[in-house]
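J.: my questions concern the predicted model and sequence given below.
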Amino acid sequence: MAAHTRPHQVSPTNPDLHEIQTQPERRPDMPYAPAMRVVGGADLLFVSGATPSPLYHRHPHDLQEHDHPVSIREQTRRAMENIRGILEHEGLRWTDVVKVTKFLTDMRDMDGLVAVMAEYFGDWTPASTTICVNQLSTPGARVEIEMVVAYPKR
């Protein structure tokens, strides 16, 4: 592999996942990797968007089930805990995550969102996209997070 394409970090739980950094010296400036490489293929888990609402809730929505905190940090924490339950169910870890897509209703919430996500990911920085939307599925929800996760080869 050429020096300019060498990954900066390999997942400690899944050696088939490589963080790609084209400017490794700038890694401390970024809360995500510009790209992720899955070596040799992998089984993938696509995690549906998680909000601060309970993972399982009635449809059509019963608004009593969707009592969201105002704080973006607490909303993000609830969404991440919903995802944690899915990862644990599947025997996966945060360092198996390849891609994160974040939906925010206000881009000014980005710093709070990133700070909470770092509590879960540590120094693992999967590829990431953030999209600002007009609103989410329930009144008061300010964040939704979806992920693509690679199962380690057993």
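T.: Arrived safely.
J.: which other residues reach the helix or strand encompassing residue 115?
T.: Here residue 115 sits within helix 110-121, counting by DSSP states H and E. Here helix 110-121 makes contact (C-beta atoms under 8 Å, 6 or more residues apart in numbering) with 31, 71-73, 76-77, 80, 84, 94-95, 97, 100, 102, 104, 130, 143, 145. C-beta coordinates here come from the backbone N, C-alpha and C atoms, glycine included.
J.: again, 6 Å this time
T.: 31, 72-73, 76-77, 80, 94 (C-beta atoms under 6 Å, 6 or more residues apart in numbering).
J.: buried ones in it, by neighbour count?
T.: Judged by neighbour count using 16 or more other C-beta atoms under 10 Å, the buried positions of helix 110-121 are 112-114, 116-117, 120-121.
J.: buried sites along the helix or strand just after it?
T.: Next along the chain after helix 110-121, taking DSSP H and E as the criterion, comes strand 127-132. Of the residues in strand 127-132, 127-128, 130 count as buried by neighbour count, 16+ other C-beta under 10 Å.
J.: same thing with stretch 43-52?
T.: Under 16+ other C-beta under 10 Å, the buried positions of stretch 43-52 are 45, 47, 49-52.
J.: so what's the gap between it and the chain middle?
T.: 9 Å (C-alpha atoms, centre = their mean, to the nearest Å).
J.: since that was my last question, I'll sign off now.
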